[in-house]
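Colleague: 3D, please:
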Amino acid sequence: MTGSQAADLSRASMMIGLGRHADAARLLTTLLASSPDSTRGWCLLARAQLGAGRHAEAVTAAARASALDPADDWPCRLASTALLGLHRTGAAVTAAARGRQLAPHFWRPHVCLAQAAAADGQLRLAAEAAQAALAIAPDQADVHVTAGKVALCQGNVSLARQHQETALSIEPGHSGAVNELGRISLHGGDPAAAAGHFLTAARMAPGNGVFGRNTELALGRLAPCWRPGCARRRAPCSRPGTRYSLPDWQSPPAAS
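Modeller: Take a look at the predicted model:
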């Protein structure tokens with residue numbers, strides 16, 4: 001790879017960090033046409049496609065990266081995240097487990113597996129993976145965010161809140177942790193507080209469509225409920241299932 005191509009990879013990585021996913025994908029597609037053996041290039045393309053919501057394309061890019069370097073855990077994590085976006089949770093668990101086998105002493109594969117397992121309903125595996133990540137990297141905000149997600153899935157609201165607050169003490173600008181506080185508030189039947197958290201997360205990360213969608217759903221939940229038979233017809237209704245159930249309130253995965 002030439003110096004200019006290496007510079008393009010760095011530029012693409014910066015674009016992804018700035019939320020310019022479509023621009024990064026175009027740059028990387030051009031680069032990979034002339035340098036198709038770049039594992040990092042395919043991984044960055046997968047990240048760009050994930051950011052743009054093109055999950056199927058992200059799976060394809062991650063597969064190309066994995067074929068080039070089967071010993072690298074990054075393509076496995078990217079594939080798992082993309083498969084979650086396609087609601088293929090079982091396949092996401094398989095990809096994440098492969099990544100953990102390749103890098104068992106690195107915290108990110110454990111976080112990835114915890115997320116995939118929780119989405120697939122394998123809460124025991126999710127908790128085990130989250131605890132492994134905490135043991136390796138208790139100072140990483142993403143680790144606490146994921147541990148909090150798993151705790152919420154298990155119904156342990158106080159532990160879920162504790163983990164999100166710890167994440168914010170480590171990284172005050174962590175929009176994912178703020179979003180999780182919104183989901184915790186929703187779980188407790190407080191859509192007004194949830195809306196405040198979701199709106200804050202959306203302002204912190206304006207390029208993240210999940211936070212914007214959660215804000216819209218929360219504000220909709222605060223509108224009068226006209227469902228026949230609802231005891232709170234002229235007041236904001238937080239009864240589960242009246243407008244949206246908890247799974248509708250999305251929780252983006254940690255960065256892969």
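
Colleague: where does the stretch 101-250 of the chain have low pLDDT?
Modeller: 223-250 (pLDDT under 70).

Colleague: Break down it into its helices, ranges please.
Modeller: Assigned by DSSP state H, counting those that start in this stretch, the helices in the stretch 101-250 of the chain fall at 107-119, 123-136, 141-153, 157-170, 175-187, 191-204, 209-222.

Colleague: For the fourth one, name the packing helices and strands.
Modeller: Of the remaining helices and strands, those touching helix 157-170 by 3 or more CB pairs under 8 Å, 6 or more residues apart in numbering; DSSP states H and E are helix 141-153, helix 175-187. To be clear about C-beta, it is placed using only N, CA and C from the backbone, and glycine gets the same treatment.

Colleague: Of all the residues in it, which ones are buried?
Modeller: By neighbour count with 16 or more other CB atoms under 10 Å, helix 157-170 contains the buried residues 160, 161, 163, 164, 166, 167, 168, 170.

Colleague: cool, the fifth one as well?
Modeller: Along helix 175-187, these residues count as buried under the neighbour rule (16+ other CB under 10 Å): 175-187.

Colleague: Equivalent analysis for stretch 88-98, please.
Modeller: In terms of neighbour count (16+ other CB under 10 Å), stretch 88-98 has its buried residues at 88, 89, 91, 92, 93, 94, 95, 96, 97, 98.

Colleague: so the last one makes contact with residue 76?
Modeller: Same thing as residue 98. Yes: taking CB atoms under 8 Å as the contact criterion, residue 98 and residue 76 are neighbours in contact, 4.8 Å apart.

Colleague: In a markdown table, list the buried residues of helix 157-170 along with distance to residue 124.
Modeller: Formatted as a markdown table, the buried residues of helix 157-170 follow (distance: CB to CB, whole Å):
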| residue | distance to residue 124 |
| --- | --- |
| 160 | 17 |
| 161 | 22 |
| 163 | 18 |
| 164 | 22 |
| 166 | 23 |
| 167 | 23 |
| 168 | 27 |
| 170 | 27 |
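
Colleague: Nearest to residue 213, out of these: which one, please.
Modeller: Comparing the buried residues of helix 157-170 against residue 213 with CB to CB places residue 164 closest, at 19.4 Å.

Colleague: Might you report the residue contacts of that closest one?
Modeller: Counting by CB atoms under 8 Å, 6 or more residues apart in numbering, residue 164 touches 144, 145, 148, 177, 178, 180, 181, 184.

Colleague: rewinding a little: of all the helices of the stretch 101-250 of the chain, which lies closest to residue 26?
Modeller: For these, proximity to residue 26 was assessed by CB to CB; helix 209-222 is nearest, at 19.6 Å.

Colleague: just the angle between the closest one and helix 175-187, please?
Modeller: Orientation of helix 209-222 against helix 175-187 (axes from the mean of the first three to the mean of the last three CA atoms, to 10 degrees) gives an angle of 20 degrees.

Colleague: List the residues that contact the closest residue to residue 97 other than its chain neighbours.
Modeller: Nearest non-adjacent residue to residue 97, counting by CB to CB, 6 or more residues apart in numbering: residue 113, 5.9 Å away. Contact partners of residue 113, counting by CB under 8 Å, 6+ apart, are 80, 93, 96, 97, 99, 100, 125, 126, 129.

Colleague: for the second one, helix, strand, or coil?
Modeller: Read it as residue 93. Here residue 93 is helix, with the state taken from DSSP: H, G, I helix; E, B strand; the rest coil.

Colleague: Was I right to think it contacts residue 126?
Modeller: No: taking contacts as CB under 8 Å, residue 93 lies outside contact range of residue 126: 9.4 Å.

Colleague: shared neighbours of the two, which are they?
Modeller: Counting by CB under 8 Å, 6+ apart, the common neighbours of residue 93 and residue 126 are 113, 117.
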